[in-house]
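Engineer: Just need the structure, nothing else, for what follows:
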Amino acid sequence: MAQQPTVNKVTVVALVENEPGVLNRIASLFRRRAFNIDSLTVGRTHKPDISRMTIRVDAGPEYARKIANNLQKLVNVIDVRVIDNEPHIERDLALIKVRSDDAYSRNTLTEICDRYPARIVDVGPKVAIIEMVGTEIFVEKFIDEVRPIGIIEMIRTGIVSMGRGTRIHDTSVTRRDLARAALQASAMRNGRIV
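Structural biologist: Numbering: from 1, shown residues only. Okay, the predicted model is just below:
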């Protein structure tokens, strides 16, 4: 089932060439357009020369197509999709260091973790580290429940998102391959063999 889009947030997924400077160009585009990036997650795909970006932007849905079109114009961008209205799966990972220096805090922490898809990954004499994976809303609720115990430190990965069912992005063709094919076709039309 598709996640309900967060009000005034747009989720854009882009396939990009895995090269130096691509992230900088994309971040600069958002800076120039005065859009705030709420979260940005980048990682390699199953193809080593292609990376996938999931970008959550503070912008209304009316800006979604404009954002996608501007991204598509960048040289190293292969494909762009706005996935808020498509069936997709979203996940956010949070590592939270919480005070656990007495029996009450440890018991409360264990009870909260039992109610969520969270697990305690490290326990020390004074703190415990919890791993929570879920939708952004679910992670926020978990953080609100853990906050009274005493959060010492926290880090979140940001949203990663993937379309359900049919393939949304095709990583089999890079922009360079398309440019090379177009150049060869043009040269053949002009009577030259490449």
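Engineer: just checking, next helix/strand downstream of the longest strand along the chain?
Structural biologist: Looking across the chain with DSSP state E, the single longest strand is strand 88-99. Next helix or strand after strand 88-99 toward the C-terminus (DSSP states H and E): helix 103-115.
Engineer: Name the residues of that following helix that come out as buried.
Structural biologist: For helix 103-115, a neighbour-count test (16 or more other CB atoms under 10 Å) marks 105-106, 108-109, 112-113 as buried. C-beta here means a position set from N, CA and C on the backbone, and glycine is covered the same way.
Engineer: ok so, going back, in the longest strand of the chain, what counts as buried?
Structural biologist: Buried-residue list, strand 88-99, by 16+ other CB under 10 Å: 88, 90-94, 96-99.
Engineer: Surely I78 is within a strand?
Structural biologist: Yes. The assignment for I78 by DSSP: H, G, I helix; E, B strand; the rest coil puts it in a strand.
Engineer: okay, it: pLDDT?
Structural biologist: The model reports I78 with a pLDDT of 92.
Engineer: Then A34?
Structural biologist: So, for A34, pLDDT stands at 86.
Engineer: What does it show for phi and psi?
Structural biologist: When quoted as degrees, to the nearest 10, the phi and psi of A34 stand at phi 60, psi 40.
Engineer: hang on, D122 packs against V98?
Structural biologist: No. Proximity of D122 to V98 does not meet the contact threshold set by CB atoms under 8 Å, at 10.7 Å.
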